[in-house]
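In: sequence first, predicted coordinates after that:
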Amino acid sequence: MSLIFTLSNDGRTILDKNCLKLIPSMKYLSDDELLFLILAIDYHSPYNKFPDDERYRKSKHQVYGSIDTKPWEEPRIQTAMADYMSLQYDRRRELKKTFEQKLDMLQNALLIENSAPKITGMLSSMKELRKNISDLEKEILTGIGEYQSLLEGKGSRSLIETMQISRNSFANLQKPEQPWIPS
């Protein structure tokens, strides 16, 4: 998917103009709030490889420095974060994240397990999760995805079409997951 935003050389956030059409809640954010939101939750953020709590901490530090603030607690920022997440929502990325969390849980459980059959089962599950994570990473990196497969021939979707599909997928979740909010 094309980037929803770009960062200019002076550190300003530049959103694709179609985002504001789909997410009016973002019009009311300051430049700093918008930058924080993007750094904290965007799939293409420079901090995308970090765990969620670390992403929030690094994003907050980059935008606000040492100021003691928690922008993620403000209702309008929470609304904008959920709306922004709906634009970029990708089931593969969310599934990968879920698999990684399950893998972490299994690794922690393995440390205290003493039963050989249970250990064998856990190791088997961990191996399968790693394979699935690897497969999902390949799909994400190569751009093979559920949206591209919907097109016939060699056509491609525009950014706004992709964002609309993402929003619909996000809205169709039974319990839409809000972006992780640190405590």
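Out: Sure, I can see it.
In: A109: neighbour count?
Out: By other C-beta atoms under 10 Å, the residues close to A109 number 12. Where C-beta positions appear, they are placed from N, C-alpha and C, glycine not excepted.
In: which parts of the helix or strand containing D53 are buried?
Out: For D53, the element it lies in under DSSP states H and E is helix 52-64. Applying a neighbour-count criterion of 16 or more other C-beta atoms under 10 Å, one finds 55-56, 58-60, 62-64 buried in helix 52-64.
In: so what does the longest helix along the chain touch, helix or strand wise?
Out: In the chain, assigned by DSSP state H, the helix with the most residues is helix 116-142. Where contact means 3 or more C-beta pairs under 8 Å, 6 or more residues apart in numbering; DSSP states H and E, helix 116-142 is packed against helix 91-112.
In: what's the angle from the helix it packs on to helix 116-142?
Out: 150 degrees (axes from the mean of the first three to the mean of the last three C-alpha atoms, to 10 degrees).
In: measure stretch 63-78 end to end?
Out: End-to-end distance for stretch 63-78: 17 Å, by C-alpha to C-alpha, to the nearest Å.
In: need the buried residues of helix 52-64 in JSON lines (columns: distance to L173 and pLDDT).
Out: JSON lines is the format used below for the buried residues of helix 52-64 (distance: C-beta to C-beta, whole Å; pLDDT from 0 to 100):
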{"residue": "R55", "distance to L173": "21", "pLDDT": "89"}
{"residue": "Y56", "distance to L173": "22", "pLDDT": "89"}
{"residue": "K58", "distance to L173": "27", "pLDDT": "91"}
{"residue": "S59", "distance to L173": "24", "pLDDT": "89"}
{"residue": "K60", "distance to L173": "27", "pLDDT": "91"}
{"residue": "Q62", "distance to L173": "30", "pLDDT": "88"}
{"residue": "V63", "distance to L173": "29", "pLDDT": "88"}
{"residue": "Y64", "distance to L173": "31", "pLDDT": "89"}
